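[1] from the sequence below, what's the structure:
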Amino acid sequence: MTDTRTPIATGGCQCGAIRYTLYSEPQHPVICHCRMCQKAYGSFFAPFASVALEHFAWTRGAPAQFSSSQILQRGFCGNCGTPLSCHTHGTSEISLSIGSFDEPEKLQPTFQAGVEGRMPWFDQLATQRGKPTDQLFPKELLDSIENRQHPDHDTGDWPLKK
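    Coordinates of the predicted model:
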């Protein structure tokens with residue numbers, strides 16, 4: 001059966017094996033600093049936005065699952081490892097990793113959770129110097145890279161046929 005609802009937002013994993021669609025606006029963009037989220041993301045924090053399960057669908061593939069506690073199920077791509085979701089048992093919402101959305105820039109976090117695990121230098125990150133990628137690597141190297149990452153939009157098939 002084809003879903004006739006209008007997609008509001010889409011996303012998926014890095015390799016394209018898993019895609020999802022939201023049929024209502026994502027809510028509560030948050031970053032979580034707890035140690036469990038740090039381990040799940042291999043990072044200093046995990047960014048999430050939530051949507052009601054009834055307004056969400058996996059549209060290509062399905063994530064592998066890991067129960068990081070007795071109440072929390074985390075979804076990730078079993079192919080490329082991209083963290084995609086977490087769902088607290090007994091709730092009617094799913095939280096999706098902001099970085100896996102096709103337009104993550106639209107989801108500015110408005111709250112920080114698990115602040116007891118926040119790195120003590122976290123507030124200094126925005127003041128540190130930085131450079132764009134094209135200033136870090138030679139142009140010849142950047143031009144030679146074959147991007148194998150799924151594009152930030154839905155595709156009929158993946159990987160694309162050449």
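
[2] just checking, which helix or strand of this protein averages the lowest pLDDT?
    The helix or strand of the chain with the poorest confidence is helix 139-144; it has a mean of 90 (mean pLDDT, DSSP states H and E).

[3] and for T6, the neighbour number?
    8 (other C-beta atoms under 10 Å). Any C-beta I mention is one placed from the backbone N, CA and C, and that applies to glycine too.

[4] ok, it - contacts?
    Y23 (C-beta atoms under 8 Å, 6 or more residues apart in numbering).

[5] and the least confident helix or strand of the chain, which residues are buried?
    Within helix 139-144, no residue counts as buried by 16 or more other C-beta atoms under 10 Å.

[6] could you do stretch 3-12 as well?
    Going by neighbour count (16+ other C-beta under 10 Å), the buried part of stretch 3-12 is 9-12.

[7] then that stretch to PDB, C-alphas only?
    Provided in PDB are the C-alpha atoms of stretch 3-12 (Å, rounded to 0.1, in the frame of the first residue of the first chain):
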ATOM      1  CA  ASP A   3       1.300   6.200   1.700                       C
ATOM      2  CA  THR A   4      -0.500   9.200   0.300                       C
ATOM      3  CA  ARG A   5       0.500  11.600   3.100                       C
ATOM      4  CA  THR A   6       2.800  14.600   2.200                       C
ATOM      5  CA  PRO A   7       6.300  14.200   3.400                       C
ATOM      6  CA  ILE A   8       7.400  17.100   5.700                       C
ATOM      7  CA  ALA A   9      11.000  15.900   6.200                       C
ATOM      8  CA  THR A  10      13.200  13.100   5.000                       C
ATOM      9  CA  GLY A  11      16.500  11.500   6.000                       C
ATOM     10  CA  GLY A  12      18.600   8.400   6.100                       C
END
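
[8] so for it, mean pLDDT?
    With pLDDT averaged residue by residue, stretch 3-12 scores 91.

[9] what about the residue in the chain sticking out farthest from the centre, distance to D134?
    No residue in the chain sits farther from the centre than E140, which is 30.4 Å out by C-alpha atoms, centre = their mean. Separation of E140 from D134 (C-beta to C-beta, to the nearest Å): 12 Å.

[10] got it, and T10?
    Between T10 and D134 the computed distance is 28 Å (C-beta to C-beta).
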